[in-house]
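Undergrad: have a look at this prediction, sequence included:
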Amino acid sequence: MATAAPCAPDTEPSTPPSEMNATVATLLVVLTSILMGSVPVFARELTDAGLSAVSVSFYRNLLGTVVLVGLLRFSRPKRRATFWALAAGLFMGLGWTAYVRAVEVVPVSTAGVIYMSYPLFAIVLAWALFGQQATTRSLFSGVVVLAASFLALGAELDGDDSEILLVAFAAPVSFGFAVAVLTERLSSLRPIERVAPIAFGSTVGLLPLMATQTWDESIPGDLRTWGLAIGIALFTAIGPQWIYSSAAPNVGPARAAVAGSAELPMMFLVGYLWFDEALTPEQGIAGIMVLCAILLVPARQSPGLTIVRRHRRLIPGRFYSSG
């Protein structure tokens with residue numbers, strides 16, 4: 001089969017993927033989405049304490065880098081996957097910086113609707129980079145998602161704030177790239193080995209920006225702020241990334257995006273309960289549009305994962321047990 005050769009470096013049988021049921025995998029992606037929806041709680045508290053958006057994103061990934069740096073894999077069978085994961089991490093770090101900046105300026109619910117346009121970018125980038133064909137339903141869903149994002153954002157912008165539009169959309173573009181890479185190119189890495197280069201890429205990519213900031217913008221000033229920095233790392237980064245990395249390849253980028261829609265109502269709830277943000281009719285309509293659009297996207301298991309599993313079945317003495 002013509003597509004098998006490029007995937008060969010990502011199909012090392014010594015690290016077989018988990019045989020996870022698709023329903024279980026989808027529910028785990030939903031769980032990670034709910035956890036990720038709590039990011040604004042930590043982000044607003046940290047920026048109110050004086051940290052910049054770059055610093056919030058940096059500390060979110062720093063713990064994973066320190067704890068997991070020993071799991072970076074550069075052996076020949078895993079080298080390509082590791083470099084893809086490092087690139088995904090770099091873009092995710094910049095994307096989270098954009099997201100935190102957007103949360104500072106627009107309501108959490110509005111930033112959430114814009115963020116939820118990432119499935120469109122995941123589909124487009126999976127096609128552009130990895131040859132996964134986009135369906136008519138996928139393209140239609142993308143148009144609906146973009147319309148919903150503009151609807152939600154329009155009421156919040158005036159002439160002086162129009163640059164926030166570009167800043168806000170940098171987040172879903174980077175997340176879409178990361179989802180495409182994670183589901184299409186990391187099958188040779190164990191789940192925890194996927195988290196390590198993603199965290200490392202995010203942290204290292206933000207170091208030059210950290211170096212340009214003042215001390216107060218970069219370093220937490222008290223124990224409470226340090227606690228929040230550790231909390232955002234544990235509950236919205238290293239934990240969810242490990243779960244997502246285990247589950248997402250079992251369902252592919254489209255189904256992962258569908259399950260990820262659970263994050264949007266969580267963001268609405270966070271904005272309402274923690275920040276006393278009233279939901280506008282425009283935001284409500286936009287949220288419904290996004291959820292409906294994502295549900296139109298078809299699901300497909302990662303072909304890289306399928307190739308690995310086929311390879312495993314061809315070596316029964318090593319991977320198969322009749323019991």
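TA: Thanks, I have the structure now. Residues are numbered from 1 along each chain as shown.
Undergrad: for residue 280, what are phi and psi?
TA: Note on residue 280: backbone dihedrals following degrees, to the nearest 10 are phi -90, psi 160.
Undergrad: can you tell me how far it sits from residue 110?
TA: 9 Å (Cβ to Cβ, to the nearest Å). To be clear about C-beta, it is placed using only N, CA and C from the backbone, and glycine gets the same treatment.
Undergrad: neighbour count: those two, which is higher?
TA: residue 110 (31 against 15; other Cβ atoms under 10 Å).
Undergrad: need the pLDDT of that one.
TA: Residue 110 is assigned 75 on the pLDDT scale.
Undergrad: swap in residue 145?
TA: On pLDDT, residue 145 comes in at 75.
Undergrad: repeat for residue 152
TA: pLDDT, read off for residue 152, is 70.
Undergrad: which element is it on?
TA: In the assignment (DSSP states H and E), residue 152 maps to helix 136-154.
Undergrad: in that helix, which residues are buried?
TA: By neighbour count with 16 or more other Cβ atoms under 10 Å, helix 136-154 contains the buried residues 138, 141-142, 144-146, 148-149, 151-153.
Undergrad: and for stretch 72-83?
TA: Neighbour-count burial for stretch 72-83 flags 72-73, 77-78, 80-82 (criterion: 16+ other Cβ under 10 Å).
Undergrad: dump those residues to a markdown table, plus distance to residue 93 and secondary structure.
TA: A markdown table is the format used below for the buried residues of stretch 72-83 (distance: Cβ to Cβ, whole Å; DSSP: H, G, I helix; E, B strand; the rest coil):
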| residue | distance to residue 93 | secondary structure |
| --- | --- | --- |
| 72 | 16 | coil |
| 73 | 20 | coil |
| 77 | 26 | helix |
| 78 | 22 | helix |
| 80 | 21 | helix |
| 81 | 19 | helix |
| 82 | 16 | helix |
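Undergrad: dump the helix holding residue 152 to PDB, keeping only the CA atoms.
TA: The C-alpha coordinates for helix 136-154 follow below in PDB (Å, rounded to 0.1, in the frame of the first residue of the first chain):
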ATOM      1  CA  THR A 136     -18.300  18.000   2.100                       C
ATOM      2  CA  ARG A 137     -19.700  17.800   5.600                       C
ATOM      3  CA  SER A 138     -16.400  18.800   7.100                       C
ATOM      4  CA  LEU A 139     -16.100  21.900   4.800                       C
ATOM      5  CA  PHE A 140     -19.600  22.900   5.500                       C
ATOM      6  CA  SER A 141     -19.000  22.600   9.200                       C
ATOM      7  CA  GLY A 142     -16.000  24.800   8.900                       C
ATOM      8  CA  VAL A 143     -17.900  27.600   7.300                       C
ATOM      9  CA  VAL A 144     -20.600  27.400  10.100                       C
ATOM     10  CA  VAL A 145     -17.900  27.400  12.800                       C
ATOM     11  CA  LEU A 146     -16.200  30.500  11.400                       C
ATOM     12  CA  ALA A 147     -19.600  32.300  11.100                       C
ATOM     13  CA  ALA A 148     -20.300  31.400  14.700                       C
ATOM     14  CA  SER A 149     -16.900  32.800  15.800                       C
ATOM     15  CA  PHE A 150     -17.400  36.100  14.100                       C
ATOM     16  CA  LEU A 151     -20.900  36.300  15.500                       C
ATOM     17  CA  ALA A 152     -19.700  35.800  19.000                       C
ATOM     18  CA  LEU A 153     -16.700  38.200  18.700                       C
ATOM     19  CA  GLY A 154     -18.400  41.000  16.800                       C
END
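Undergrad: which strands or helices does it pack on?
TA: When contacts are defined as 3 or more Cβ pairs under 8 Å, 6 or more residues apart in numbering; DSSP states H and E, helix 136-154 sits against helix 108-115, helix 118-130, helix 163-185, helix 281-295.
Undergrad: ok, now with 7 Å
TA: Judged by 3 or more Cβ pairs under 7 Å, 6 or more residues apart in numbering; DSSP states H and E, helix 136-154 is in contact with helix 108-115, helix 118-130, helix 281-295.
Undergrad: any low-confidence regions in the protein?
TA: The chain contains residues with pLDDT under 70 at 1-19, 153-165, 253-254, 257-258, 294, 297-323.
Undergrad: my guess is residue 47 meets residue 56, correct?
TA: Yes - using Cβ atoms under 7 Å, residue 47 is in contact with residue 56, at 6.4 Å.
Undergrad: overlap in contacts, those two.
TA: Taking Cβ atoms under 7 Å, 6 or more residues apart in numbering as the criterion, residue 47 and residue 56 both touch residue 100.
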